[in-house]
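>>> A predicted structure for the sequence below; I have some questions about it.
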Amino acid sequence: KKRPKKSELKCNIFSFLPQTTTVIVKYKERIVGAAVLVKDSPLGLPADQFYSEENEVLRARGRQLIEISSLGVDPGFKLQSETILHLLIKYSYRFSKQFMHGDTLLMNVHPNISRFYCKIWNFAQIGDVVKFKSSKNAYTVLLKLSLSQRAKRQLTGTYPSSDPYKNVSLFLSKRDTRFLYPSLKEGQVVSPVMTPDLLEYFFVKKTTVYEELDLNTRKIFLEMFLQFFGEAKIHRF
């Protein structure tokens, strides 16, 4: 029997990986939207829980996968939710391609919401609809979006309008001064937010995530962080 969580933090093993990036949308000082970008690694992706076969086909084709996870909008901004979601997808698209060197975006969504992403952003459904065992009404479906120039040109043809707010392809290309990007050194591909102290605080003290990992997963996780911190700093794990 699992012990109750030590906190109300929503996190898992992917939350702590150096490649994982959390994107937030702020209105003044309030966070009104967020998404978590998870890059494929030896630990896989969250979507592998239900769509491992579909993802393995993409990996075999050499695709560099990035999953948009935990996409959400503050309930207090329901009227602006569509605008916030468009901004999150645009930022995720550009960041995944430029900073995470991905070529394929994946996203698990409810089938009812999938039409929004497929019709407007040209996401494509892969795999069947899956029902969560823990709930009577919870379903999910996996969506895929190519980040290639060819896919972008196809997207342009879908929207004949030259108005960037009526043409998603032009909306993607239009520079947005509100977007903030990290400053990376030459050759640097990730910018890990976690320090050894923060890892211990969130991973061990505040949650039971590390405690629940099997030995092989712990080994893979620690090998990822050795290159950033060195063995001396993470010996506590």
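Done, it's in.
>>> From here on, just use CA atoms for contacts and neighbour counts.
Fine.
>>> neighbours around Tyr27, how many?
9 (other Cα atoms under 10 Å).
>>> now do Leu172
19.
>>> Over to it: give its phi and psi.
Backbone geometry at Leu172, expressed as degrees, to the nearest 10, gives phi -70, psi -40.
>>> For Phe203, see how far away it is.
36 Å (Cα to Cα, to the nearest Å).
>>> helix/strand/coil for Val32?
Following DSSP: H, G, I helix; E, B strand; the rest coil, the label given to Val32 is strand.
>>> close enough to count as contact, it and Lys26?
Yes: Val32 lies in contact with Lys26 (Cα atoms under 8 Å); the separation is 5.6 Å.
>>> And these two? Which one has more around it.
Val32 (20 against 13).
>>> I'd like the distance between that one and Phe77.
7 Å.
>>> ditto for Tyr139
24 Å.
>>> what's the spatially most central residue of the chain in contact with, if anything?
For the chain, the residue nearest the mean C-alpha position is Leu37 (2.3 Å; Cα atoms, centre = their mean). Neighbour list for Leu37: Thr20, Thr21, Thr22, Val23, Ile66, Glu67, Ile68, Ser69, Ser92, Ser96 [criterion: Cα atoms under 8 Å, 6 or more residues apart in numbering].
>>> and of the residues you listed, the nearest to Phe237?
Thr20 (20.0 Å; Cα to Cα).
>>> Tell me which residues touch that closest one, please.
So Thr20 contacts Phe14, Val36, Leu37, Val38, Lys39 (Cα under 8 Å, 6+ apart).
>>> from the residues you listed, which is closest to Phe237?
So of the contacts of Thr20, ranked by how close each gets to Phe237 (Cα to Cα), first place is Phe14, at 17.0 Å.
>>> No further questions, thank you.
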